[in-house]
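Novice: Fold the stuff below for me.
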Amino acid sequence: EWAVLKHPASVLAESYHTLRTAVLLSSAPRPPQTVLVTSTQPFEGKTSTAFNLAVGLAQIGRRVLFIDADMRQKGLERLVDTSGRAGLSSVLTGAGRLKEAPFRLPDLPNLWFLSAGPQPPNPADLLSLTIMDDLLSTLRDHFDHLVVDTPPVLMVTDATVLSSLVDGVILVTESQVTGRASLIRTHQILQNAGAKILGCVLNKLDLKHDGYYGS
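Specialist: Now for the predicted structure:
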């Protein structure tokens, strides 16, 4: 999950750099400020993709906030010491203050992290509140980019709810696993919600199988 940091010269890290460039060029004349990353099903690599994109943007001097909006799984929180800070759910319910919630990740001076916080009984309802839109608007004034990690589209409605509040959506799919029908359905759901889909990331590609001799 830390490819850009731990293996900066690897092929995988270079793929994330290519993704960063594609995102920055995806909406001329101004790059998207808020980017949501999601998938069709679990375990397709959306959190790894979102985090490495955030790291890549931070490495070129952009002020970046990674928002863990997957309040059901807390994908990155298991790898990061939150030091008891308030998370997204706490801020949205009024139990925590936004000013004190984001914190800078160690050794990454331009990257901040906003954890998911305690799991609420109704994550989708919480994300659909006007306060979530207001929160994103406030954060836009303090960061160059917001990278938002969300649950899979076909599992729950969280990503669909948030998709209309951001500048663009990246859809992560797993090579040889994600079905065509599932991908088409996910695309339709996001489009119907008013989302701007920036593109699709084909993840976990096996070059031996899917390379020159692949179909």
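
Novice: Start and end of stretch 37-48, how far apart?
Specialist: With Cα to Cα, to the nearest Å as the measure, the ends of stretch 37-48 fall 10 Å from one another.

Novice: swap in stretch 16-30?
Specialist: 20 Å.

Novice: try stretch 71-80
Specialist: 15 Å.

Novice: residues near residue 108, how many?
Specialist: 16 (other Cβ atoms under 10 Å). Where you see a C-beta, it was placed from the backbone N, CA and C, and this is true even at glycine.

Novice: nope, residue 173 is what I was after
Specialist: Residues lying near residue 173 (other Cβ under 10 Å) number 22.

Novice: And residue 134, by the same measure?
Specialist: Considering only other Cβ under 10 Å, residue 134 is surrounded by 11 other residues.

Novice: need the contact list for it.
Specialist: Contact criterion Cβ atoms under 8 Å, 6 or more residues apart in numbering gives no residues in contact with residue 134.

Novice: Then the one 5 residues further on?
Specialist: Residues counted as contacts of residue 139 (Cβ under 8 Å, 6+ apart) are 65, 67, 98, 146.

Novice: what's the farthest-apart pair in the residues you listed?
Specialist: By the measure Cβ to Cβ, 98 and 146 form the most distant pair in these, at 12.9 Å.

Novice: Which one's more surrounded, these two?
Specialist: With other Cβ under 10 Å as the criterion, residue 98 and residue 146 differ in neighbour count, and residue 146 comes out ahead with 24 against 18.
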